[in-house]
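Colleague: Return atomic coordinates for the entry below.
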Amino acid sequence: LSADDDDDDTTKNSKTAIDSEDSKSAKKRRRRQAFLILLRALANKDDTDKEMEKDTTSTKTGGIVNIVALEKSAIRDAKAAVLKGNDMESRMPAGLETPNYTVVSKNTKKGYEIRKYEPFAVCSVQMNKPRQNPTETDAQVSNPQLKGASAFGALAGYLFGKNQESTAMKMTTPVLSQGEGQDKTMSFVLPSDYWNESGLDKAPTPLEGSGVALQRLEGEERAAIMFGGFASKKETTSRKTYLLKSLEKDPNWMLATSDEEVTLAQYNDPFTPPWKRRNEVSIKVVPRK
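Modeller: From the prediction side, this is the model:
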């Protein structure tokens, strides 16, 4: 249900390396997921009616929403190079803690902003490293076949009480991922009770063999760009490339180091419609001398 998921793209002779990595099966899986989300949205009349009020070209008959209008809305969202900050703020999940930051500056032309983050803490796991006994340490996930489901289950297990103290904590946002290959990690933000300098001393201890590690991240400046839709490998790579190229020409900010890694942040649960999703790519920066 997005322009990037058109199966015809997979048959083009000019296919790029990114396209080959973002496999045909993965694209079909995202299409099925989007279709399921669409059906759920159609079942919720109040929710879909509000969405369609934003699209004056849509038609409604007896509360039945025009599916084509919903699809067009999702495609417009996927094609947008930059989404407005006010729109993105409305996509934040209600009631969930998230790292605190202030916006230092905005590049409205290129669509990214520089943020000053306050310290916060995370629990992390290596996504491609085998773990000893996941059935005892992981939480069950609704779609175990999805990429990253195992790492998500390990972190959810820790957060929801599968730790040495059996302490359940509240869910937070966003889910962070960073790195490539065997070094790729997924992280959950810990509740703010554990963000201060000694906070991790009182944090629950991960179970042995869970692969979960705790870390406090110091405050720093980061360049961030926001986008909607599903954060597919192809889409995320495109946004990363755009952000890095934009920073090369930024007169005031530059990468903190030449080998800085870009972080992907995903704020919403898997069943949030594409036109309501908030994603970000960000990287550590410092002022130019």
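
Colleague: How many neighbouring residues does residue 256 have?
Modeller: Burial measure for residue 256: 14 neighbouring residues, criterion other Cβ atoms under 10 Å. Any C-beta I mention is one placed from the backbone N, CA and C, and that applies to glycine too.

Colleague: And for residue 103?
Modeller: Per other Cβ under 10 Å, the neighbour tally for residue 103 reads 11.

Colleague: per-residue confidence for it?
Modeller: The score at residue 103 is 97. That number is its pLDDT.

Colleague: show me what contacts it?
Modeller: If a contact means Cβ atoms under 8 Å, 6 or more residues apart in numbering, then residue 103 has 113-115 as its contacts.

Colleague: wait, residue 117 sits on residue 224?
Modeller: No - here residue 117 lies out of contact with residue 224, judged by Cβ atoms under 8 Å, at a distance of 9.7 Å.

Colleague: Any chance of the contacts of residue 103 in JSON lines with distance to residue 288 as columns?
Modeller: Listed next are these as JSON lines, based on distance: Cβ to Cβ, whole Å:
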{"residue": "113", "distance to residue 288": "17"}
{"residue": "114", "distance to residue 288": "12"}
{"residue": "115", "distance to residue 288": "17"}
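
Colleague: Out of these, flag the one nearest to residue 183.
Modeller: Ranked by distance to residue 183 (Cβ to Cβ), these are led by residue 115 at 24.7 Å.

Colleague: distance of the closest residue to residue 253 other than its chain neighbours from residue 119?
Modeller: Nearest-residue entry for residue 253: residue 285, 4.6 Å, with adjacent residues in sequence omitted and distances by Cβ to Cβ, 6 or more residues apart in numbering. If you measure residue 285 against residue 119 using Cβ to Cβ, to the nearest Å, the figure is 17 Å.

Colleague: residues in contact with the closest residue to residue 178 other than its chain neighbours?
Modeller: With Cβ to Cβ, 6+ apart as the criterion, residue 178 has its nearest non-adjacent residue at 4.8 Å, and that residue is residue 263. When contacts are counted by Cβ under 8 Å, 6+ apart, residue 263 is found next to 176-178, 222, 281-283.
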